[in-house]
Structure formats: structure tokens, C-alpha cells
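In: Turn this into a structure:
(one chain, ligands or ions: 2)
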Amino acid sequence: MHNKGLGITVLQEFKWTKKMPLDTSLGKGSKQKISWSKKVLIILGFLFVLGAVALITVAVVQNKPLPKNMKYGIVLDAGSSHTSVYVYNWPAEKENDTGVVQQVEVCKVDGPGISSYSKDVEKAGLSLQDCMNTAKQVIPKKEHRDTPVYLGATAGMRLLSLDNNKIADKVLLSVEKSLRLYPFDFQGCRIITGQEEGAYGWISINYMLGNFKQSSSWMPFQQTSTETSGALDLGGASTQITFEPTDSINESPENFMLFRLYGKTYNVYTHSFLCYGKDQALRLRLANDVKNAGSTNLQNPCFNPGYVKNMSAVDLYGSPCTAKYKLFSSSFILITGTGDYHQCQQNLQDMFNKTECPYSRCSFNRIFQPELSGNFGAFSAFYFVMNFLNLTSEKDLSKVKETLKEFCSESWQQVKEKFPDIKEKYLSEYCFSGTYILTLLEMGYGFTSENWGNINFLRKIKGSDAAWTLGYMLNLTNMIPAELPSSPPLSHASYVGLMVLFSFLLASVVFIGWLYFWKPRCLQKGII
Ligand SMILES: O=c1[nH]cnc2c1ncn2[C@@H]1O[C@H](COP(=O)(O)OP(=O)(O)O)[C@@H](O)[C@H]1O
Ligand SMILES: [Ca+2]
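Out: Residues are numbered from 1 along each chain as shown. Ligands and ions are numbered 1, 2, ... in the order given. Okay, the predicted model is just below:
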């Protein structure tokens, strides 16, 4: 019986004392003392429970998320084929955290890219109105005045400014005039460089993927950082490759950009190939074919058999990418598809000059490129085309080629019947675009069947489109700090949790100590 725990013994003995007639065991004074001790014990117990409830309530209330004060930003991506308006938002008090900026809206502007309005510049500005009105509706009125608006124009405008700088300026003035009519904080319209386009694309996807987060290890003050992902962007008029090489390199400095983000330095390789976006690449190829064939009547393996297209010479030779190939006075070029993937790829390989390289290694056309390393996010037209072909998750390069071969050999009639809802312009070019993408990645950049699986074709990351626009805004609003903001070692929730836990421990220790050293009378009597 006594081997059982002390607590049980006390309880039993106490029961027994209670049963005893009080006036035979205790005097009147002792009786009063016991009831006093009991009262004190009850009051102390009550206060203890009250204290614990109060502590937990404070912890819970304090930890409730505050109503978010959201900030907004607008970036217009004025691409060669079209303009998109992106609206982002983020909680004001978390501005410098990683991964807090989100895309809340994307609006595709009707009509072509702003560079196509060179003959009627006023229309360039007017074309943006519908999407800017959408942005006005999406953003709460009280935030309008504090919402910055940026417009960045890419390769279409780069080509226009090469062709006619004055007209390019007029187009930019027209869009500026239009954007200033809105109640937002207009911050500027400009043509961004190919380097910026590549670098901001890289910043965007790594910010969205959370790769800039420095996760602390168990060793105090030691931070471990995640590897970054490379970025591959394919537009209509230019294409960019950007990644962090493994070794430090001191060649071709114009291809490197140094960033200090969240306390870490990144030396990023980037190159933008003007005229190697898929629309200009097609023109470049056709212009070469016309020159080589000495005829404006072309049999082309990159279009489905049975496809026939009459292309205007103005369209073909109208850009600085192809202007120098103009030989004929003919106003049309007739293209007839033959649908042969292998011939198409051979034909496209000529566009990638691998023979001369003034550096230790090159991608193509005498451009330095370090050895490929890590994973790559491939977005924009890389995604659109591979998604149409159902190849975004195919990790086997030979299967990719087989699918493409099959698609190219299908007759145009068949293809049209199979995909009645897809725009004919896109549909007719998927054989060319798919083959071009493969040739660019394999022949141009040097991807192989071994590292093909490192390329992730993606459109969105955590709800935001993969595009250079987010990185552009983060940079211009100084939202990425160079150094890690000094923050308390514990989050608020962990701090409150630990405070509650330690208070409990402390109270328990005091309570047990009190029981042990200052044994309340009733218990003492019970034990005796
Ligand atoms: O649904 C689609 N299918 C195929 N291609 C698409 C689709 N949507 C957009 N594109 C293509 O993506 C490319 C986007 O290029 P963009 O206009 O951004 O040019 P840039 O970046 O060279 O200035 C264009 O070639 C356009 O035709
Ligand atoms: Ca683009």
C-alpha cells in the first residue's frame, strides 16, 4: 500500500480525516486554521487559473493578423507582339520581405505591340486605355495616387529605334501621354536593354520561387542559401538566357551583372539575342531561304504539308533583322509547307554560327557563354509552344523530337480540324516554333539529353506570370534590400508561445515549491 505513490496515500489519508468526527480530533482554533488554509489555497488556485487564462488570451489576441494595408504597382510589358498590363500588390508593412509581392491582375491589350503603330503613333497610347481602366477598377481608389506605373518596352521597340529613332520616341511619347491621364503615380516609359530584360526575368522567377531566402541553419549566425534557377525567355523579337555560373569568370564582362540581394552577392551571366525571338527568327530564316533559293516561291519544311501562305515583302523585310536580305522587287513571297522536322531542323541550324569564338567557350554568333549549370525556368513563348505540343513535362529529349516530328508531318487540313479553336497564326507556326525552340536550346545554348530535364517550362509561379515585369518593379521601388534586414531571432508567434510556456513552467515551479516547503495545514494534517 505504501509503495503506491505519495499522492494516492495523501488523498486516502485526507478522506479518512474528513470522515473523523471533527471535535474528537481537532480543537476549535485548528478547525478555523484549516478552513483559512483552504480558502487561501482556493484563492491562489483561482488566481493561478485566471493568470494562465489571461496569458493565453493575450497571446492569442496579440497574435491575430492585423488588417493588411496593401500597396499596389503597375508594370506594362510593351512586347513586340503585344502589350500586357500587370497589377501587383503586397502588404505595406512587409515590403522588404521575400516573396510577398503578388500579381493580382494581368490584362492583355487588344491589338499588336506598340512598335507596330509607327505609322499612326497616337493609336499606340489609345490602345492601352481598356487595360488601364481595368487596373483602375482592380486597385482601391484610395491607393490610386500612391500606385507607381512603369512601362518597359522590349525588342519590338529596340528594333524600331534602330530603324527610326525619332518615330520610336514619338511612340513612347504617345504611350506616356495616355498613361499620364490616369490617377496613378506615373514613373516613366522606356525601352529596356536586352541585359535588363534577362536580368529582371531572372530576379522575377527566383523571387517567386523563394530562392533569395536565407534559411538559417542550426549553427547560430550561420545562413545557408538556396541555389538560384536560370531564366530562359523567348519573345517574338528577342530571346534571353540568364543564369548564375558555378565558377567565377573574367571573360566578356558585358555579359555579367552583379547583384547584392538580401545579403548575398550574385554574379549573373545574361545575354539577349536580338532578332532571335521566334517571329523575327522565322523572318530571318525565310529571308535567307529566298536569298539562297533565288526565288520568292519557297518549299518550306517547317510548315505542315498543304499549308500555303502569301507573305508580303514589307512584312518580311520590314525589320532591321532582315532588311539587308532584300534582293527582289517582288511584293509577295509564296510559302508552301512540306512538314519535315529533320529538314526543318537542318535548315534552322544555319542560324547558329558555331565556327568562330573569340572566348574560351561560346553559345553561338561569337557570344560568350559559360557552362550551363543548375535548373532553368523557360517561360513566355518557350512555354506557349511546348504547352501546345503537350511537352512541358517530357523529360526525355528523344520523345520531344518524336512528338515534334509527328506534329510537323500532319497535314495542315488535319491540324486545323483537330484544333479548331486555336488562332491560325499560332497554329500554322507551331511546327516551326517547336523546331526552333529545340534547335536554339540544343545547338544554340548547348542543352543535351542529359540536362534537358533541368529545363522547367512554366507559365506561372505561385499565381504570378513568369515575366521580367516583377523584377523590374521590385528593382525600381527598391523592394529588394541589399542586406538582410536585421530581424529578431524569433518570430512574433514563437516569442509569444515561448513566453506562455516559460510562464507556466515558472508558475508550476513556484506552486510545487510552495506545496513542498510551506505545506498547507490541511495537507500536513492529512499526512500525519
Ligand atoms: O498562345 C500563344 N501561342 C504561341 N505563341 C504565343 C502565344 N501567346 C503569345 N505568343 C508569342 O509569344 C511571343 C511574345 O513575344 P513578345 O511580344 O513578348 O516579344 P518580345 O519579348 O520579343 O518583345 C510572340 O512571339 C507571340 O506570338
Ligand atoms: Ca517578352
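
In: Could I get the contacting residues of whichever residue of the stretch 101-250 of the chain sits closest to ligand 1?
Out: Ranking the residues of the stretch 101-250 of the chain by distance to ligand 1 (Cβ to the nearest ligand atom) places Gly235 first, at 2.2 Å. Backbone N, C-alpha and C define where each C-beta goes, glycine included. With Cβ atoms under 8 Å, 6 or more residues apart in numbering as the criterion, the residues that contact Gly235 are Gly79, Ser80, Ser81, Thr154, Ala155, Gly277, Lys278, Ser380, Ala381.

In: Recalculate using a threshold of 10 Å.
Out: By Cβ atoms under 10 Å, 6 or more residues apart in numbering, the contact list for Gly235 reads 77, 79-81, 113, 154-156, 197, 272, 276-280, 380-382, 468.

In: Setting aside sequence neighbours, what's the nearest residue to it?
Out: In space, Gly235 comes closest to Gly277 once its chain neighbours are excluded; the distance is 4.1 Å by Cβ to Cβ, 6 or more residues apart in numbering.

In: correct me, but the one you found touches Ser380?
Out: Yes - using Cβ atoms under 10 Å, Gly277 is in contact with Ser380, at 9.1 Å.

In: and for the two, which residues touch both?
Out: By the contact definition Cβ under 10 Å, 6+ apart, Gly277 and Ser380 are jointly contacted by Gly79, Asp233, Leu234, Gly235, Gly236, Thr239, Gln240.

In: want to throw these into JSON lines with distance to Leu44?
Out: Rendered in JSON lines, the data for those read as follows (distance: Cβ to Cβ, whole Å):
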{"residue": "Gly79", "distance to Leu44": "73"}
{"residue": "Asp233", "distance to Leu44": "69"}
{"residue": "Leu234", "distance to Leu44": "74"}
{"residue": "Gly235", "distance to Leu44": "74"}
{"residue": "Gly236", "distance to Leu44": "78"}
{"residue": "Thr239", "distance to Leu44": "75"}
{"residue": "Gln240", "distance to Leu44": "71"}
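
In: What is the nearest of those residues to Gln413?
Out: Set against Gln413, the nearest of the shared contacts of Gly277 and Ser380 by Cβ to Cβ is Gly236 (27.0 Å).

In: Pull up the gap between that closest one and Lys136, please.
Out: In this structure, Gly236 and Lys136 are separated by 28 Å, where distance is defined by Cβ to Cβ, to the nearest Å.

In: So between the two, which is more surrounded?
Out: Ranked by neighbour count (other Cβ atoms under 10 Å), Gly236 and Lys136 place Gly236 first, with 22 against 16.

In: I figured the more buried one hits Arg158, correct?
Out: No - Gly236 is beyond contact range of Arg158, at 11.8 Å (criterion: Cβ under 10 Å).

In: Need the residues touching each of the two.
Out: Common neighbours of Gly236 and Arg158, counting by Cβ under 10 Å, 6+ apart, are Ser80.

In: any idea how the protein splits into domains?
Out: Segmentation of the chain into domains, based on automatic domain parsing, reads 6-64+491-527, 70-229+467-476, 278-457.

In: Which of the three states applies to Tyr86?
Out: strand (DSSP: H, G, I helix; E, B strand; the rest coil).

In: Double-check it against Val104; I have them as touching.
Out: Yes - using Cβ under 10 Å, Tyr86 makes contact with Val104 at a distance of 8.9 Å.

In: Common neighbours of those two, please.
Out: Taking Cβ under 10 Å, 6+ apart as the contact definition, Tyr86 and Val104 share the neighbouring residues Ala135, Ser464.

In: more neighbours, the two?
Out: When Tyr86 and Val104 are compared on other Cβ under 10 Å, the one with more neighbours turns out to be Tyr86, at 24 against 17.

In: partners of the more buried one in the sheet?
Out: As for beta bridges, Tyr86 partners with Val75, Val106 under DSSP bridges.

In: Contact partners for it?
Out: Residues in contact with Tyr86 (Cβ under 10 Å, 6+ apart) are 73-77, 103-107, 131, 135, 150, 464-465, 467, 469-470, 472-473.

In: Let's see the pLDDT reported for it.
Out: Model confidence at Tyr86, given as pLDDT, is 98.

In: thinking again about what came up before, may I ask which of the shared contacts of Gly277 and Ser380 has the most neighbours?
Out: Tallying neighbours with other Cβ under 10 Å puts Thr239 at the head of those, with 31 neighbours.

In: can you tell me the helix or strand for that one?
Out: Assigned by DSSP states H and E, Thr239 belongs to strand 238-243.

In: Is ligand 1 within reach of that strand?
Out: Yes - figure legend: strand 238-243 in contact with ligand 1 (Cβ under 6 Å from any ligand atom); contacting residues Ser238.

In: Just after that strand, pick out the following helix or strand.
Out: strand 256-261.

In: contacting residues around that following strand?
Out: For strand 256-261, with Cβ under 10 Å, 6+ apart as the criterion, the contacting residues are 98, 195-196, 198-199, 202-203, 206-207, 211-212, 214, 228, 242, 244-245, 248-250, 265-271, 368, 370, 474-475, 480-484.
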